[in-house]
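>>> Here is the input, now give the coordinates:
(4 chains)
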Number of protein chains: 2
Amino acid sequence: MPFLAEKATFVKQYFYMNAVLLNHIAKYITLEASEIDLLESALSTQKIKKKEHVLQEGQICNTMYFVIKGCFRQYIINTKGNEQTLQFAIESWWITDYLSYHNHVPSHFYIQAIENSDIIAIEKPVLESLLIEIPKLERYFRIVSQRTFGAAQMRIKFLFTMSAEERFCLFNNLNPEFVQRVPQYMLASYLDFSAEFMSKIRAGKV
Amino acid sequence: MPFLAEKATFVKQYFYMNAVLLNHIAKYITLEASEIDLLESALSTQKIKKKEHVLQEGQICNTMYFVIKGCFRQYIINTKGNEQTLQFAIESWWITDYLSYHNHVPSHFYIQAIENSDIIAIEKPVLESLLIEIPKLERYFRIVSQRTFGAAQMRIKFLFTMSAEERFCLFNNLNPEFVQRVPQYMLASYLDFSAEFMSKIRAGKV
DNA sequence: TAAAAAACTTGAACTACTTCAAGAAATACA
DNA sequence: TGTATTTCTTGAAGTAGTTCAAGTTTTTTA
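Numbering: from 1, shown residues only, chains lettered A, B, ... in the order given. Predicted coordinates for the structure are as follows:
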């Protein structure tokens, strides 16, 4: 009885988890049932605990991560020894170091869970096989990556043209729930100002 | 005789131009002869004069541009009325506003030739047909776009962690010939500091 | 539920850059 | 080749942010 209950939970969760990715893929391409089977057989989910790293500076990044539940960040440690967050990834986002991934060079970045999270981690050889067996997936990753790059272009525009306070207000308007979800100091560094200044902005002391 | 000479030049140049793109594609995928024919029949090159725009703020960007010869920049006009360059594109680079392209929304950017240039401009419907007829091209654009995004991640790292002078020195070491090629004030804004400060850095007056 | 750890706040002193204004040099064009 | 335009330079004054250090609050963990 406990065993059966556990098994039922496991099966249900297994389908639920992959469904997040399958739904995301379905926004861009249509897969055959056989292709879905193939994909599911290659996917496995992992639980990553808060503060655990999936990539550290100096490692070669050989994996793409898809967030099913939770939140990750990509960050660096600057010359003064402070962490600076360059990117967040929440549910249905991919995160990796594309430069390290494609060029087999050591990464400049850390990728860390900032909540207890569920991810699908796809190793490069597995993904390459999948892309050969299901060529349509090339299209999915092409579109996702072009959109992500488009978002990065806008980010650079905001960083270049707005003051610290304006960047915070814009971000807060666009993602009010997310602002509650991550520590202020991580968001401050993502918006490219200090944690102390964030505190002053929020207190209206600027 | 003049006519023949002109025609010969035209034909030679036509092949030369497309060859730049075909060579770039060949770095990532292998096309059949028939696919190359198909591609060539869909491609046309354009000459764009220095200072001419291929995209203006407010327009919906419906085209991807591949630089065969010359140089382009993507820029915005900030609240003070100054131009700020967000991106350059030289030979064998693609440039477009991916967000406007994918979401059919008005662009925030200008894209302008900063030298007399030759480009291949592919309209969205043409590209979509090509991607259906030559699915391998999805892979090409997927890889190019992921690499470009990887480069953008590094750019954000440099912007976040280095001083103005350090950013200039790094850029100058990595791209010495390019620094000669563009006006200093455009490079200054690309590196996120003022034209005046660039002048002081170069004079060693910092 | 207490203790430890993580995250946030505050003000004062500082600094890396910007802005402005005007002139000089280089480049493009007729 | 000379004139107009674009680009670069310089110094002085200003400011949007940082840094530091110490205290407070919140969250986590045992």
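>>> where does chain A come near DNA strand C, residue by residue?
Contacts of chain A with DNA strand C, taken as C-beta under 7 Å from any atom of the strand, map to A:Pro183, A:Gln184, A:Tyr185, A:Ala195, A:Glu196, A:Met198, A:Ser199, A:Lys200, A:Arg202, A:Ala203, A:Lys205. C-betas here are computed from N, CA, C, even on glycine.
>>> what about 6 Å?
Neighbours of DNA strand C within chain A, by C-beta under 6 Å from any atom of the strand: A:Pro183, A:Gln184, A:Tyr185, A:Ala195, A:Glu196, A:Ser199, A:Lys200, A:Arg202, A:Ala203, A:Lys205.
>>> Please, a ChimeraX command that selects the buried ones among those?
The buried subset of the residues of chain A next to DNA strand C, as determined by 16 or more other C-beta atoms under 10 Å in any protein chain shown, is captured in ChimeraX by this line:
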select /A:185
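>>> Report the lowest-confidence entry in the residues of chain A next to DNA strand C.
Lowest-confidence member of the residues of chain A next to DNA strand C: A:Lys205, scoring 77 (pLDDT).
>>> Give me the secondary structure label for that residue.
Three-state call for A:Lys205 (DSSP: H, G, I helix; E, B strand; the rest coil): coil.
>>> Excluding chain neighbours, what is closest to the residue nearest the centre of chain A?
Chain A has A:Ala89 as the residue nearest its centroid, 2.9 Å off, counting by C-alpha atoms, centre = their mean. Closest residue in space to A:Ala89, ignoring its immediate chain neighbours: A:Ile95 at 3.8 Å, by C-beta to C-beta, 6 or more residues apart in numbering or on different chains.
>>> Likewise for A:Leu38?
In space, and not counting its chain neighbours, A:Leu38 is closest to A:Glu133: 5.9 Å by C-beta to C-beta, 6+ apart.
>>> could you check the distance from that neighbour over to A:Ile143?
19 Å (C-beta to C-beta, to the nearest Å).
>>> Return the set of buried residues in the helix or strand where A:Ser189 lies.
Using DSSP states H and E, A:Ser189 sits in helix A:184-190. Within helix A:184-190, the residues scored as buried using 16+ other C-beta under 10 Å are A:Tyr185, A:Met186, A:Leu187, A:Ala188, A:Ser189, A:Tyr190.
>>> what's that helix in contact with?
Contacting residues not belonging to helix A:184-190 are listed as A:73, A:75, A:82-88, A:114, A:168, A:171, A:179, A:194-195, A:197-199, A:202, B:160 [C-beta atoms under 8 Å, 6 or more residues apart in numbering or on different chains].
>>> Chain A: strands as residue ranges?
Under the criterion DSSP state E, chain A carries strands at the ranges A:45-48, A:53-55, A:63-69, A:72-77, A:83-89, A:94-95, A:110-113, A:117-123.
>>> any chance of these in a markdown table, with mean pLDDT too?
Formatted as a markdown table, the strands of chain A follow (pLDDT from 0 to 100):
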| stretch | mean pLDDT |
| --- | --- |
| strand A:45-48 | 94 |
| strand A:53-55 | 97 |
| strand A:63-69 | 97 |
| strand A:72-77 | 96 |
| strand A:83-89 | 96 |
| strand A:94-95 | 98 |
| strand A:110-113 | 97 |
| strand A:117-123 | 96 |
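>>> Which one of those strands lies nearest to DNA strand D?
DNA strand D lies closest to strand A:83-89 among these, at 10.0 Å (C-beta to the nearest atom of the strand).
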